[in-house]
Structure formats: structure tokens, C-alpha cells
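Colleague: Next come a sequence and a model predicted from it.
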Amino acid sequence: MSPPKLTIHGAGLTVTGSCFEYAFGGHRLLIDCGLFQGSRTLEALNREPLGFDPRKLDGVIVTHAHIDHSGLLPRLVAEGYRGPIWCTKATLNLLEVMLPDAARIQEQDVERRNRRADRAGDRAFEPTYTVEDAARVIELARTVKLGEAIAPCPGVNARFWNAGHILGSASVEIAAGGVRTIFSGDLGPAHKSFHPDPAAPSGFDHVVCESTYGDRDRDEVTIEQRRAILESEVKAALGRGGNLVIPVFALERTQELLLDLARLINTGCLQGISVFVDSPLASKTTKVFWHHRKELEDLGSGEVFRHPSFHYVENVLESMRLNTVSGAVILSASGMCEAGRIRHHLLHNLPRRDSTVLFVGFQAQGTLGRAIVDGAQRVRISGRDVAVRAQIRRIDSYSAHADRGELLQWIKARAPISGSVFLTHGEAGAIEAFRRDLQKDFASVIAPEIGETYELSIGAPARRLKTGRIELRGVINRDWQNAYADFAANLKRELERIESPGKRAEAVTRMRAVIDELAAGR
């Protein structure tokens with residue numbers, strides 16, 4: 001029987017869209033099926049053909065509930081998949097609220113885009129899947145405990161191991177034909193709130209590891225030091241008289257922030273503040289945390305779930321009323337500012353010089369959040385150009401991802417690794433930097449591209465059988481719309497730097513010529 005084969009359908013040289021096809025003995029298993037998030041070019045991949053026939057899959061394994069690892073499961077079902085979907089119990093409970101929410105966001109986002117005046121006459125967008133498709137995913141789910149052996153398809157055995165990333169997250173060990181492979185999923189940092197450190201066995205032929213922070217080491221910060229940093233940021237922001245807007249991921253990041261804010265309020269470090277959690281999904285996921293509270297660390301007396309200073313904003317009218325307030329702390333999803341109510345709050349607070357936007361999570365290339373963090377003077381939100389006058393701040397110590405040193409430590413702890421290390425789930429620069437580090441200790445380090453297929457043998461480097469999608473190189477993480485908004489906003493000022501009116505006209509003519517040339521495909 002031929003060795004197992006691995007095909008990369010997502011998270012190749014980009015952070016999102018995790019999806020790996022594992023084939024052995026005529027059977028096919030999918031590890032994760034996530035949404036691409038980020039630039040418009042990247043998001044367009046969610047509507048392209050999947051690259052495989054869902055009806056021919058024997059099983060699906062989900063490492064954790066984040067949408068970039070699970071968000072295309074409803075499309076899988078909509079296109080005919082009817083097999084089991086394996087995950088931990090906590091992951092299933094989170095998917096029960098996250099997948100319907102993702103479907104509703106898509107439906108609402110499509111409706112909003114189609115209504116926009118600047119899209120009049122364009123072809124109408126359609127949602128990738130519906131709420132009904134999301135419900136069918138839950139019906140197919142089967143839960144598994146950490147360390148428990150399962151057979152997701154004939155000839156293939158699997159075990160889940162704690163990844164320390166979010167509630168329910170797991171790394172997945174796969175064994176078939178004598179070949180042992182482990183998929184890291186997303187790995188959490190050491191000493192993260194709520195969860196023990198990542199753990200898994202050693203001695204693999206191949207390791208598929210995430211690389212989100214493969215190019216950087218964060219300063220070592222204790223939970224107490226992190227809270228002191230947050231305290232300083234909150235006081236400084238509210239001292240300016242405006243609001244403090246924090247884009248958050250509804251799952252895990254919201255709960256970590258609430259835990260720290262509750263402790264700061266209870267100890268008197270922060271007084272008289274009002275915290276608005278403007279994300280129905282964050283409210284629902286917080287209830288899932290409460291349900292699994294016995295599995296979590298650092299909860300204390302449970303302040304994260306109930307506190308008089310916390311106000312959960314459930315409906316749109318309540319959310320809109322926050323436009324009239326000042327001096328509030330507003331936590332709103334999504335974390336990269338690509339969808340949800342956070343865009344509404346940015347629309348009203350970015351132009352305010354007295355307001356502050358505090359980023360506490362990773363911002364992928366091409367996202368609105370990345371454009372703001374990178375210093376854009378204007379951004380485009382819901383068809384409008386918005387001036388960025390607010391204070392832009394960032395705290396890196398809330399990351400749910402292991403940094404470079406922690407990733408290195410995790411991979412080395414899986415040794416001996418007799419075959420290849422695959423680096424996925426990272427931007428090209430981060431992966432290349434991490435690859436150079438790993439080559440000091442491992443002979444075969446591969447940065448696969450979307451579309452590539454590899455043969456996984458016992459005790460030998462993986463062999464590439466199929467090349468990837470070359471047309472995606474260098475473009476999947478770009479977002480021309482935010483770049484356009486910033487360029488257009490400053491164009492007149494830049495032209496005025498040219499002293500000669502004639503040369504200004506020449507510059508405009510040249511720009512038009514470049515656009516015409518590219519539009520004609522020359």
C-alpha cells in the first residue's frame with residue numbers, strides 16, 4: 001500500500017483557511033475546514049471550488065472552534081458531506097454558537113454590501129452558506145476526549161492532545177501505514193489564562209506546525225504585569241475624554257480581558273468604569289466558558305461571568321446608543337475588524353481625537369485592523385472613507401499563539417522527527433524566518449503552498465507530488481481597498497508637493513496610463 005498523502009487546501013503562506021487533506025488506502029480525512037479571512041482576494045477563496053469532493057471524504061477532524069479552522073464546515077455539508085466530524089466536547093459546544101453566528105454574519109454582510117450605493121448595478125453577492133447548513137454540521141459532530149484513540153476512517157488512527165490555545169483546542173496525532181504525523185492546530189503560549197501549557201508525545205515522522213508568530217519573540221510578561229499594562233492603557237484612554245474601543249475575538253480574548261478588567265476593578269486599580277461587551281457571540285461563548293468552568297484555570301470567584309461593571313449589549317439599538325457616549329470601554333467583535341459591530345464603532349470613533357482604539361490580537365495582512373495598526377491615515381468602512389484621528393494603541397501580551405521561541409520548543413519536544421517539518425498558518429515572512437531557524441536542527445523544513453500535495457513516508461523527508469497555485473503567490477494577503485482609501489485621501493496633498501502645475505498634470509496622466517495598461521492586461 002502506498003504511503004499517506006497530504007494536500008494543502010488552506011493556511012499555506014497565509015494565516016487563515018486551515019484545511020489539510022490526508023489520504024491513505026483509498027480513504028480521505030480532512031483536518032480542519034476553515035474560512036479564509038483577511039484581504040478581499042483571500043476571502044474570495046471561500047467561494048471558489050473546494051479542491052476536493054466533500055462526498056468522497058470519510059471523516060473530518062476539527063482542532064478547535066476558531067472560524068479560520070472551522071468556518072467552512074457548513075459549506076462542506078451543503079455540498080454533500082455526510083460523515084462524522086470529530087472534535088472535543090468544548091469545541092462542539094462552541095461550534096453550536098459560532099457556526100450559526102458566522103452564517104448570520106455572512107447573510108447580513110451580503111445584504112449590506114448589495115445595498116451599498118457604490119455597488120449599484122454590480123452582480124449581487126451571495127452567502128457562502130446558511131444558518132441551516134450550520135445546524136447540519138452539529139448533527140454530524142462526534143466528541144472525543146484528549147488522549148483517546150479513535151479511528152476516523154479505515155486504516156487511520158488519531159489522538160487529540162492539549163494545544164493550550166483556546167477552550168477545547170487540540171493538536172491531532174495521525175498514524176497510518178506506519179507513518180506518524182502530528183498537526184499542531186494552533187498552539188497557545190506558556191502560562192496562558194484558563195489553560196495548561198501545550199503537550200503531546202514525541203517521535204514523529206512528520207510535523208505540521210502553525211507559524212503565526214514564527215518571526216518574533218514577545219517580551220515575557222506575567223499575568224500581573226499584563227494587567228498593569230492594561231490598567232495603564234485604560235486610564236490613559238479614558239483620561240483623554242473619549243471612548244476606549246477594543247476589537248476582540250469573541251472567543252477567548254473577550255473572556256481574558258473581562259477576567260483582567262474584573263480583577264483591576266475589584267482591587268481598586270480601576271474605579272467607576274463601564275465596560276460594554278457589544279457582541280452577542282461573545283455573550284454566548286462566555287456562557288460556554290461557564291459551562292466548562294471546572295476544566296479552566298485562573299477563574300477565581302468567577303468574575304469573568306458576572307460583574308456589575310460589565311454590560312452585555314444584545315440588540316442593535318443598544319449598540320447604536322453607544323454612539324452617544326464618551327468615557328466607555330467598548331469590547332466588540334471581530335478581532336481583525338473585518339465584520340461585525342466593531343466596524344460600526346470604528347466608524348464613529350476613529351475620527352475622534354479623544355478616542356482610543358486598542359488592539360490586543362494578531363492583525364493579518366489585508367485586514368482593516370492591520371491597515372489601522374500600520375498607520376493608515378484613512379480607511380474604508382462600509383463604502384465610506386474614514387479619517388483615522390483616534391489614538392491607536394497595541395498590547396501584544398494577550399496573544400493566544402505561541403511565539404517563535406515557544407514554537408521552537410514545541411517542535412523540538414516532538415523529536416526525534418525523522419521526516420519533514422511543515423510550516424503552515426503564517427504569513428510568508430514569518431514562515432521564512434521560522435524556516436531558517438528550524439534548518440539549524442532539522443534537515444527537511446517545508447513551507448507548503450496552497451494546492452501542493454506531498455507523500456509522507458516512514459523516516460524520510462516528504463516528497464512533493466503536485467505543485468501549488470502559483471497565481472496566488474504574493475497577492476492573497478493584499479487588500480487594495482484600504483490601500484486605495486489611504487492613497488486617495490492623500491493624493492491631492494502629494495500632488496501639491498510638485499511645484500509645477502504642468503508636472504502635476506503629467507503625474508495624473510501617468511497614473512491613468514498605468515491603470516489603463518494594467519486593466520488591458522499588458
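Modeller: Nice, I can see it. Predicted model, so just to flag it, every value in this text is computed and none were measured. Numbering: from 1, shown residues only.
Colleague: where are the low-confidence patches of the stretch 101-250 of the chain?
Modeller: Applying pLDDT under 70 to the stretch 101-250 of the chain flags residues 117-119.
Colleague: And the helices in it, which stretches?
Modeller: All helices of the stretch 101-250 of the chain, identified by DSSP state H, counting those that start in this stretch, fall at 131-140, 223-239.
Colleague: Compile those helices into a markdown table and extend it with columns for distance to residue 313 and mean neighbour count.
Modeller: Where C-beta positions appear, they are placed from N, C-alpha and C, glycine not excepted. Putting these into a markdown table (distance: least, C-beta to C-beta, whole Å; neighbours: other C-beta atoms under 10 Å) gives the following:
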| stretch | distance to residue 313 | mean neighbour count |
| --- | --- | --- |
| helix 131-140 | 22 | 18 |
| helix 223-239 | 19 | 17 |
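Colleague: got TSV for these, with distance to residue 95 too?
Modeller: Listed next are those as TSV, based on distance: least, C-beta to C-beta, whole Å:
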stretch	distance to residue 95
helix 131-140	7
helix 223-239	28
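Colleague: Specify the next element, helix or strand, located C-terminal of the helix or strand bottoming out on mean pLDDT in the chain.
Modeller: The least trusted helix or strand in the chain, going by mean pLDDT, DSSP states H and E, turns out to be helix 480-496, with a mean of 72. Per DSSP states H and E, the first helix or strand lying C-terminal to helix 480-496 is helix 501-519.
Colleague: Show me which residues of that next one are buried.
Modeller: Across helix 501-519, burial judged by 16 or more other C-beta atoms under 10 Å covers residue 504.
Colleague: mind checking how far that helix is from the chain centre?
Modeller: Using C-alpha atoms, centre = their mean, to the nearest Å, the distance from the centre of helix 501-519 to the centre of the chain it belongs to is 38 Å.
Colleague: swap in stretch 33-43?
Modeller: Computed by C-alpha atoms, centre = their mean, the separation of stretch 33-43 from the middle of its chain amounts to 10 Å.
Colleague: And the one helix or strand residue 348 maps to, what's buried?
Modeller: Under the criterion DSSP H and E, the helix or strand holding residue 348 is helix 342-349. Of the residues in helix 342-349, those with enough neighbours to count as buried (16+ other C-beta under 10 Å) are 342, 343, 344, 345, 346, 348, 349.
Colleague: And for stretch 179-188?
Modeller: In stretch 179-188, counting by 16+ other C-beta under 10 Å, buried: 179, 180, 181, 182, 183, 184, 185, 186, 187, 188.
Colleague: Which of those fall within strands?
Modeller: 179, 180, 181, 182, 183 (DSSP state E).
Colleague: any chance you could map the strands in the stretch 51-200 of the chain?
Modeller: 59-61, 85-87, 141-143, 149-153, 156-162, 170-176, 179-183 (DSSP state E, counting those that start in this stretch).
Colleague: want to throw those strands into TSV with distance to residue 4?
Modeller: Converted to TSV, the strands of the stretch 51-200 of the chain look like this (distance: least, C-beta to C-beta, whole Å):
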stretch	distance to residue 4
strand 59-61	14
strand 85-87	18
strand 141-143	22
strand 149-153	11
strand 156-162	8
strand 170-176	5
strand 179-183	5
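Colleague: and of those, who's closest to residue 263?
Modeller: Counting by C-beta to C-beta, residue 263 lies closest to strand 156-162 out of the strands of the stretch 51-200 of the chain; the figure is 25.0 Å.
Colleague: List the neighbouring strands of the closest one plus their orientation.
Modeller: Taking DSSP bridges as the criterion, strand 156-162 sits next to strand 149-153 (antiparallel), strand 170-176 (antiparallel) in its sheet.
Colleague: The longest one to strand 179-183, inter-axis angle?
Modeller: If I follow you right, that is strand 170-176. 160 degrees (axes from the mean of the first three to the mean of the last three C-alpha atoms, to 10 degrees).
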